[in-house]
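Asker: Take a look and give me a structure for this.
(chains A, B, C and D)
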There are 4 protein chains.
Amino acid sequence: MTRDLTHYSGGAHRAGMSGRFGDVHNPATGEVTSRVPLADAGEVAAIVDVAAAAQPAWAATNPQRRGRILLRFVDLVNEHVDELAALLSAEHGKTLADAKGDIARGIEVVEFSAGAAPHLLKGEFSDNVGTGIDVHSLRQPLGVVAGITPFNFPAMIPLWKAGPALAAGNAFVLKPSERDPSVPLRLAELFTEAGLPDGVFSVVNGDKVAVDALLDDPRVEAVGFVGSTPIAQSIYAHAAANGKRAQCFGGAKNHMVILPDADLDMAVDALIGAGYGSAGERCMAISVAVPVGERTADALVARLKERIDGLRVGEATAPDVDFGPVISAAAKERIEAAIATGIDEGAELVADGRGRTVEGFHGGFWVGPTLFDRVRPEMALYREEVFGPVLSVVRAADYEEALRLPSENEFGNGVAIFTRDGDAARDFSSRVQVGMVGVNVPIPVPIAYYTFGGWKASGFGDLNQHGADAFRFYTKTKTVTTRWPSGIRAGASFVMPEGS
Amino acid sequence: MTRDLTHYSGGAHRAGMSGRFGDVHNPATGEVTSRVPLADAGEVAAIVDVAAAAQPAWAATNPQRRGRILLRFVDLVNEHVDELAALLSAEHGKTLADAKGDIARGIEVVEFSAGAAPHLLKGEFSDNVGTGIDVHSLRQPLGVVAGITPFNFPAMIPLWKAGPALAAGNAFVLKPSERDPSVPLRLAELFTEAGLPDGVFSVVNGDKVAVDALLDDPRVEAVGFVGSTPIAQSIYAHAAANGKRAQCFGGAKNHMVILPDADLDMAVDALIGAGYGSAGERCMAISVAVPVGERTADALVARLKERIDGLRVGEATAPDVDFGPVISAAAKERIEAAIATGIDEGAELVADGRGRTVEGFHGGFWVGPTLFDRVRPEMALYREEVFGPVLSVVRAADYEEALRLPSENEFGNGVAIFTRDGDAARDFSSRVQVGMVGVNVPIPVPIAYYTFGGWKASGFGDLNQHGADAFRFYTKTKTVTTRWPSGIRAGASFVMPEGS
Amino acid sequence: MTRDLTHYSGGAHRAGMSGRFGDVHNPATGEVTSRVPLADAGEVAAIVDVAAAAQPAWAATNPQRRGRILLRFVDLVNEHVDELAALLSAEHGKTLADAKGDIARGIEVVEFSAGAAPHLLKGEFSDNVGTGIDVHSLRQPLGVVAGITPFNFPAMIPLWKAGPALAAGNAFVLKPSERDPSVPLRLAELFTEAGLPDGVFSVVNGDKVAVDALLDDPRVEAVGFVGSTPIAQSIYAHAAANGKRAQCFGGAKNHMVILPDADLDMAVDALIGAGYGSAGERCMAISVAVPVGERTADALVARLKERIDGLRVGEATAPDVDFGPVISAAAKERIEAAIATGIDEGAELVADGRGRTVEGFHGGFWVGPTLFDRVRPEMALYREEVFGPVLSVVRAADYEEALRLPSENEFGNGVAIFTRDGDAARDFSSRVQVGMVGVNVPIPVPIAYYTFGGWKASGFGDLNQHGADAFRFYTKTKTVTTRWPSGIRAGASFVMPEGS
Amino acid sequence: MTRDLTHYSGGAHRAGMSGRFGDVHNPATGEVTSRVPLADAGEVAAIVDVAAAAQPAWAATNPQRRGRILLRFVDLVNEHVDELAALLSAEHGKTLADAKGDIARGIEVVEFSAGAAPHLLKGEFSDNVGTGIDVHSLRQPLGVVAGITPFNFPAMIPLWKAGPALAAGNAFVLKPSERDPSVPLRLAELFTEAGLPDGVFSVVNGDKVAVDALLDDPRVEAVGFVGSTPIAQSIYAHAAANGKRAQCFGGAKNHMVILPDADLDMAVDALIGAGYGSAGERCMAISVAVPVGERTADALVARLKERIDGLRVGEATAPDVDFGPVISAAAKERIEAAIATGIDEGAELVADGRGRTVEGFHGGFWVGPTLFDRVRPEMALYREEVFGPVLSVVRAADYEEALRLPSENEFGNGVAIFTRDGDAARDFSSRVQVGMVGVNVPIPVPIAYYTFGGWKASGFGDLNQHGADAFRFYTKTKTVTTRWPSGIRAGASFVMPEGS
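Answerer: Numbering: from 1, shown residues only, chains lettered A, B, ... in the order given. Got it, this is the predicted structure:
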């Protein structure tokens, strides 16, 4: 028997009223473990009502006090990390270690946002810009803002958005993925337990109906999204058509360039982790390896093959598992189809993850680690995001070709280069047309106090997630120009006003 | 016989090839003085080609060198200010003094952008964020960016956009208003004369065809717009649908609140200037005066009436003229219709500017200064932007009502409060839902090193014009995470490589 | 029998070895309650040894991890606030409420420093400042730094210095006042309990011998001091003679200007609190009231007299006490002598605090609230810091005279103006030659994220305490300019190095 | 017959009145070319009087206007660059190309300071830090500030100090080196010609008498110095003893580390330029080369020897001259004595510059390029600053030894590493105890928008020269905390005050 999940509003769980539900699975078994309510427009409006009512008092709370509540939340998440990780793995399938990383990277942003808000929310002040004229600026919160977040990081991405939004004085409405909504709901409880005023953080579960209701609600001032590129672009356009600000992050096709002078052990380690970790279901996963020169390529593929043979795929809580199932039966099908396409297009299949089974988990959505060599840029396998444990090797003849591949790719999320050479690293970092670059770092997710955002089809909007940018996104500037008429100073009214 | 104007691309004038033209008038006489070519999509594409080809070398020029060219441009504009002001007045109709102000406020932004760019383009650097891991960020130019600018400030708004865009290393394509394109074309010549490389600043003249072509061109990375709210919103949505960043500024209904303790002489002076200057054709013009209390209102209206009677309307170059004609016959018609509506709605017409004539200029688009008293918030006269020399007095019973009026208005561009009271000024500045606030300053346009942007229907996007914000808008962030394998330091390769 | 206090080094208490001790009193009883060891140069050197050994590992810990330890310390202080306040009051004499404020303002700075450090420690990065040349900067900790702090805020001032110093990666050696060293020692224990590595925070108790030893130790890179002006200046000079950086804050003579339009109830409340709170032993206490105009002055003095009559002086823990004893018998003597001088100079004594007794506490160092009217700038009473519950009224004829008084005073720590008039407040804030200004705020101590520092004889050095300035003071800038020779990128060495 | 030079004050030249003069030589001929007046304390006081009187109006001029005057000065310097370079070479002896570089690096800082001042002088603003409480900060100029500058960059260093000081609203008094005062005097004329108000920039010529008078004048709020370490430290201490802020930059012993993988051609070129350019009379000259490994050392020394043999020493204006004479007969003697000491200590003299003559310039102060190999850290030749064309090779066995040498050296101004290896460069940059680091850049003087300052005995003070730091050094922070009593807003005084 499955549980029915809820929404969360006004500091409490709220049962779904629309009558529509979605199934939540355990991807390791394929079983339905709960039903998530899918909100209709009225339910969304009711939740936004509550958020809008709660926001002014939160905004009027000074940033140090807001920060203390957020830090108490961080402490609570740390206390409950095992429980949260188990909950996360049970709906997403990633290993417990990965689940803890998901949570840890999320609360780092909450922690940074809490601590830096008093500084990052400062305006500017200039006196005497003209005779007797002063100017100053304020950064004020937007009001109610919404986040629409993906299945692959059910803790991290919601917290990347909520952390700075809340620290800046907004009320935040989260529409998490309907695949794994339990962690977001649990985070909502912990926010309440930490002392966040009721209504300031809400969870509305749902599908496109709920998303559209948020996008069409005039009280929702800004929308943050992470997901696939077509949806990212459509939400960006929809939000803009309604005059809202939006930052929407989409898909990726992240390359890792390996120069002949690279530390090859390091590069192979990095590729295995970045290519297959979390079953490749990360927007910063590496899906394309670009060795430079045939000799580098041959050595790389040989070592990758060896390592892939030893990878352990299994249920999240089993010991020594390298990665778990993919999120859904549909995902498994889509990934296996992409592998078939790669074969048809003439790529060399070095390791085939199709048909993978895990003993005791026959209904699970398993895909094994897959490696293609001699993939070429014109193949669909190269051009399209697979979002699974499939790594393609594209051999580059020289450095310039290796630089061109990620630069000319439709996506521009992350990229890495492995080399010991200062010049190559610097030239690559400077010229590559990708927003996040790793030098001997395969998954260059910027640390909490820097800012996350891809280029080209990987990111829409002009301000990034977390870091200082997020405080600009979640506040609006007011500029005040002041000049005073000379008054009491000149002796005009040395009569005390009544009553004082 | 009328002149045919041109486009400007690659450092030279380019004749229109589409066969379509628009008429440019002298609004003081009503005569057609020239024809402006209206570009088709092919002409736009050709100009963007040139811009895209020129941009990389400009981006590779360091910001101090770029700044020197922009400062030479500032010097040239100053040298030619009389000529430019005459050209501007002849097509726009504003007085020569206003035209010079238009130019001066524009080049202040170029000057600031040139000087502050080396600092404002800096990224950040942190070492040892993890063991042996460094992170740094870069701000890189976008590439080709476009500005679509209105008739009412043909020098200022183009320069507000071009200044920071160019200083940040972009190529800039300007689509100015087809009503007064001559000043933009002259500015283009001066950019070339100042040493700006060919292709880095272009002017494409046109109408919606050209605008759409810019919005649909994938090489145009960002669009800045100023104009009416419906167009602003539509361009914002169109740009977003194509994945671009956009900042679009729209209409306004700027209030000036006059508290009982205000310096009334100062307030009346301010209202006359801010309400009727440039015939009210400014997005920061005051169109609503809100005296608090009947006694304040009576005194205010009486003094305004007196001052209005003395205002001189006439041709831009005539001595002692207070303001000139409106921009077009259609504008005159629209404004006069709004006045008629106000009368129909029951507002008290204190001064009527309809039917105004100026001797010797019978074909000119004249509207005299118009004042309404006892306007109420539900009237169309209050709700809609008139964009002419029409001032409405809305009487407020108390401070809270006066604060509510601009806060609840659809627009949120500028607002002013006149008072001597520190508390009232501070409370108003903090709470009013408007982006730019003046305390005893009627037109609170932020100085060049602060940033210009309205709220609500007056501005779309999350970053403002000029100031530090503009550098964020016109650049994209790249974040680099670096870790090096230990190499020569550990003695690994004490063999000198070949050739060195 | 009295306890012997200790030093604190390497995570543990260390008994004094010099054989020299100072007496610590309970100022409410006059009794000696403990003896504090006075370190000799050798003991100081040993403590600096330990600090210097501990610092590199602390510096290598990333700022988020350092911050977490500091936040745990904040939590521990909050948990022990009652115990700490009692300890503080027992040695200092201030009321428990004041003691808690002392602690609270201290940990706010630790909290801010912990949270903002990752951002405030960032360097800058610019690429292509010349062809192929990048520049970046780092902010690195200094190493061992020392704080020499006064008796009047035994929790707050040590934490104002230690908070940012530790957050920035330094080891901190505290030489607290020998009058009330128990709270600093307890804070040291809590730092250890919070997980701060041994040796990173040390307490060395002592007198001038210890101070000189710190100033002469070449490993102490920077010194922060708060105390009287002559000592501040002498430490500033001594530190500089040894090539160290120093920020030294001295005495004060803080004025409060009351304009005729001020809210007089608010002003009187403010003066009573700011003049007599903590027995006037605050560097931000108001010691001079400047009413403008005779009518304002008469009303002010009358109301002050009334309120002074109701003030309760007594032991810190007694209910409803307004303020406690002064710190020492010597202080009581000095303050009473200053009162006598004022009388001799011809100031009007309105309330006389000399000879005050408190039942049951006959040995205590009591001075009652004292008010002088018609004090003149040439009197010693006006010119010299009294540091006791003595308030002087200097009557100003007009605004300009009132502005001149604090501006021309030797000191420039804090100043306040009470008015409703925006113009007066703005003009005063802009022109007054004092570092911290309150507008209707009597004790304008800047909040933790702004920065504390007086002007003229009240502060020596170019960077202030806490806020962003403190991070500049406690770090040094390193600037790196980089250009790489073209190498592997150009195909130079497509041979893999040995071993990789 | 020699000319008598002057002081410069109030916009005009002022003859020396003390009766004391110093000789100014042409170092290429040894002839006395003019006499420079040496001011007494009265003359200094008179010049400070004029500066103090001029400063308030300059401070009240807004930063954009101040910037325009400074940019006009930059234009004038560019117009007169040939004349200025000739003047500079004639008194200093450096080549015309070097003299132009000296001027160019100076005006870059003026240019940056002018352009960035409006932004860098901004304070901060936070509203509602407590209920109804706002805080903001201002950066106000100090008043009169002084610069005491060395002979070796008679244009650059004065402008590095004056640029930001003036841009920030201070009056600046320059005490240039008495060896080459003509360029500073000419710069003063150009400041006047550019429109700088009289008195805002002054030149007082003199020796220790003038320096002490500046340091003892209470109106001089801050002192910037560049020169030798003993004088730097003494001025730092003297300024501090008088309560002033100071930034004092001293001597150097800059190392260049060459790793085995370095581009050796690049390294040799760099060493020749950085070791012998300007006769080694630069605080950023390389005086110690540290090849790592014997093989690297042998190759390096061989190539250096070859290149040294081809170096041309001669008069500044002769064609193809590599460097000119040293500044004085005393300098020549001191350098030759240092060479003799090196020989006595057992260093291997590879090239000997003693006894160098230049045909036609027999009285000139010539020293040829000198190279020592196998210098050891304990030698005086290594430990002491030579400030001449003398390069010492210290052979390091490995990377760690090479890192230790500059880190443990008394001085910490500049250092360079030559390598292709990202790891080595990063580790070196992070760990070396030197303030300015070059990676394959021999003279890592930070560009104008970064900041110049050495560590250890090379720099005293906590804020550096030029860049953003300079604006902090030349301004003081004022922090204002504001809370308003409720007044007219609450309806308290709906009676209009008299006269309004």
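Asker: what helix or strand is A:Leu403 on?
Answerer: For A:Leu403, the host element (DSSP states H and E) is helix A:399-408.
Asker: can that helix be found next to chain B?
Answerer: No: Helix A:399-408 lies out of reach of chain B by Cβ under 8 Å from any Cβ of the partner chain, never closer than 12.1 Å. Glycine gets a C-beta too; all of them are placed from N, C-alpha and C.
Asker: Tell me which other helices or strands that helix touches.
Answerer: Judged by 3 or more Cβ pairs under 8 Å, 6 or more residues apart in numbering or on different chains; DSSP states H and E, the packing partners of helix A:399-408 are strand A:254-258, strand A:286-291, helix A:422-431.
Asker: Which one of the ones you listed lies nearest to chain D?
Answerer: Set against chain D and scored by Cβ to the nearest Cβ, the helices and strands packed on helix A:399-408 come closest in helix A:422-431, at 4.2 Å.
Asker: residues contacting the closest residue to chain C within chain A?
Answerer: Going by Cβ to the nearest Cβ, chain C is nearest to A:Gly115 of chain A, at 1.7 Å. A:Gly115 is in contact with A:67, A:71, C:67, C:111-112, C:114-118, counting by Cβ atoms under 8 Å, 6 or more residues apart in numbering or on different chains.
Asker: helix or strand right after the worst-scoring helix or strand of chain A on mean pLDDT?
Answerer: The weakest-scoring helix or strand in chain A, judged by mean pLDDT, DSSP states H and E, is strand A:3-4 (a mean of 94). For strand A:3-4, the following helix or strand on the C-terminal side (DSSP H and E) is strand A:6-9.
Asker: check contacts around A:Gly273.
Answerer: Taking Cβ under 8 Å, 6+ apart as the criterion, A:Gly273 is in contact with A:442-443.
Asker: so which strand or helix has it?
Answerer: helix A:264-276.
Asker: Which positions in the longest helix seen in chain A come out as buried?
Answerer: As assigned by DSSP state H, the longest helix anywhere in chain A is helix A:96-120. Within helix A:96-120, the residues that count as buried by 16 or more other Cβ atoms under 10 Å in any protein chain shown are A:96, A:98-103, A:105-120.
Asker: For the stretch 101-250 of chain A, which segments count as strands?
Answerer: Assigned by DSSP state E, counting those that start in this stretch, the stretch 101-250 of chain A shows strands spanning A:123-130, A:133-141, A:144-148, A:171-175, A:201-203, A:220-226, A:245-249.
Asker: Any idea which of the ones you listed gets closest to C:His80?
Answerer: When these are compared for distance to C:His80 using Cβ to Cβ, the nearest one is strand A:201-203, at 31.3 Å.
Asker: by contact count, what packs against that closest one?
Answerer: Against strand A:201-203 (3+ Cβ pairs under 8 Å, 6+ apart) you get strand A:6-9, helix A:41-60, strand A:171-175, helix A:182-194.
Asker: where do the helices sit along the stretch 301-450 of chain A?
Answerer: Per DSSP state H, counting those that start in this stretch, the stretch 301-450 of chain A carries helices over the ranges A:329-345, A:380-383, A:399-408, A:422-431.
Asker: what's next to the longest one, contact-wise?
Answerer: Looking back up the chat, that one is helix A:329-345. Contacts for helix A:329-345 (Cβ under 8 Å, 6+ apart): A:30, A:281, A:325-326, A:349, A:352-354, A:365-367, A:370, A:372, A:375-376, A:379-381, A:384, A:386-390, A:392.
Asker: 7 Å instead, please
Answerer: Contact with helix A:329-345 is made by A:30, A:326, A:349, A:352, A:354, A:365, A:367, A:370, A:372, A:379-381, A:384, A:386, A:388, A:390, as judged by Cβ atoms under 7 Å, 6 or more residues apart in numbering or on different chains.
Asker: May I see the PyMOL selection of the buried members of the residues you listed?
Answerer: Filtering these down to the buried ones (16+ other Cβ under 10 Å) takes a single PyMOL command:
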select buried, chain A and resi 30+326+352+354+365+367+370+372+379+381+386+388+390
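Asker: Identify the farthest-apart pair in the contacts of helix A:329-345.
Answerer: Maximum pairwise distance among these (Cβ to Cβ): 31.1 Å, between A:Gly30 and A:Met379.
Asker: hmm, back to that, what pairs with the least confident helix or strand of chain A, parallel or antiparallel?
Answerer: Note on strand A:3-4: by DSSP bridges, its sheet partners are strand A:31-37 (parallel).
Asker: What residues sit buried inside the strand it pairs with?
Answerer: Buried residues in strand A:31-37 (16+ other Cβ under 10 Å): A:33-37.
Asker: Let's have those residues in JSON lines, adding distance to A:Ala239.
Answerer: As requested, the buried residues of strand A:31-37 are exported to JSON lines (distance: Cβ to Cβ, whole Å):
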{"residue": "A:Thr33", "distance to A:Ala239": "33"}
{"residue": "A:Ser34", "distance to A:Ala239": "30"}
{"residue": "A:Arg35", "distance to A:Ala239": "29"}
{"residue": "A:Val36", "distance to A:Ala239": "24"}
{"residue": "A:Pro37", "distance to A:Ala239": "24"}
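Asker: want to throw these into a markdown table with distance to C:Ala448 and pLDDT?
Answerer: Listed next are the buried residues of strand A:31-37 as a markdown table, based on distance: Cβ to Cβ, whole Å; pLDDT from 0 to 100:
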| residue | distance to C:Ala448 | pLDDT |
| --- | --- | --- |
| A:Thr33 | 47 | 96 |
| A:Ser34 | 45 | 97 |
| A:Arg35 | 48 | 97 |
| A:Val36 | 43 | 98 |
| A:Pro37 | 44 | 98 |
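Asker: quick one: which of those is nearest to B:Gly277?
Answerer: Once Cβ to Cβ is applied, the member of the buried residues of strand A:31-37 that ends up nearest B:Gly277 is A:Pro37, at 57.7 Å.
Asker: Looks like that closest one contacts A:Gly16 (just checking).
Answerer: Yes: with contacts counted by Cβ atoms under 7 Å, A:Pro37 reaches A:Gly16, the gap being 2.2 Å.
Asker: shared neighbours, the two?
Answerer: Common neighbours of A:Pro37 and A:Gly16 (Cβ under 7 Å, 6+ apart) are A:6-7.
Asker: circling back to that earlier point, for A:Val24, find the nearest of the strands of the stretch 101-250 of chain A.
Answerer: The closest of these to A:Val24 is strand A:201-203. By Cβ to Cβ, the value is 14.0 Å.
Asker: Give me the distance from that closest one to the chain's centre.
Answerer: Centroid displacement of strand A:201-203 relative to its chain, using Cα atoms, centre = their mean, to the nearest Å, is 17 Å.
Asker: same question, stretch A:194-202
Answerer: Its chain's C-alpha centre and that of stretch A:194-202 lie 22 Å apart, by Cα atoms, centre = their mean.
Asker: At the contact with chain C, which residues of the stretch 201-350 of chain A appear?
Answerer: Contacts of the stretch 201-350 of chain A with chain C, taken as Cβ under 7 Å from any Cβ of the partner chain, map to A:259-261, A:263-264, A:293.
Asker: Where do the strands of the stretch 301-450 of chain A begin and end?
Answerer: Remark: strands assigned in the stretch 301-450 of chain A by DSSP E, counting those that start in this stretch are A:348-351, A:370-373, A:390-393, A:411-412, A:414-418, A:436-439.
Asker: With respect to burial, which of the ones you listed scores highest?
Answerer: Comparing those by mean neighbour count (mean count of other Cβ atoms under 10 Å in any protein chain shown), strand A:414-418 ranks first with a mean of 31.
Asker: could I have that strand exported to CSV, CA atoms only?
Answerer: Output in CSV follows, covering the C-alpha atoms of strand A:414-418 (Å, rounded to 0.1, in the frame of the first residue of the first chain):
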residue,chain,number,x,y,z
GLY,A,414,30.9,22.4,-17.8
VAL,A,415,34.2,21.4,-19.4
ALA,A,416,37.5,20.1,-18.1
ILE,A,417,41.0,20.0,-19.3
PHE,A,418,43.7,17.6,-18.0
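Asker: tilt between that strand and strand A:286-291?
Answerer: Here strand A:414-418 runs at an angle of 30 degrees relative to strand A:286-291 (axes from the mean of the first three to the mean of the last three Cα atoms, to 10 degrees).
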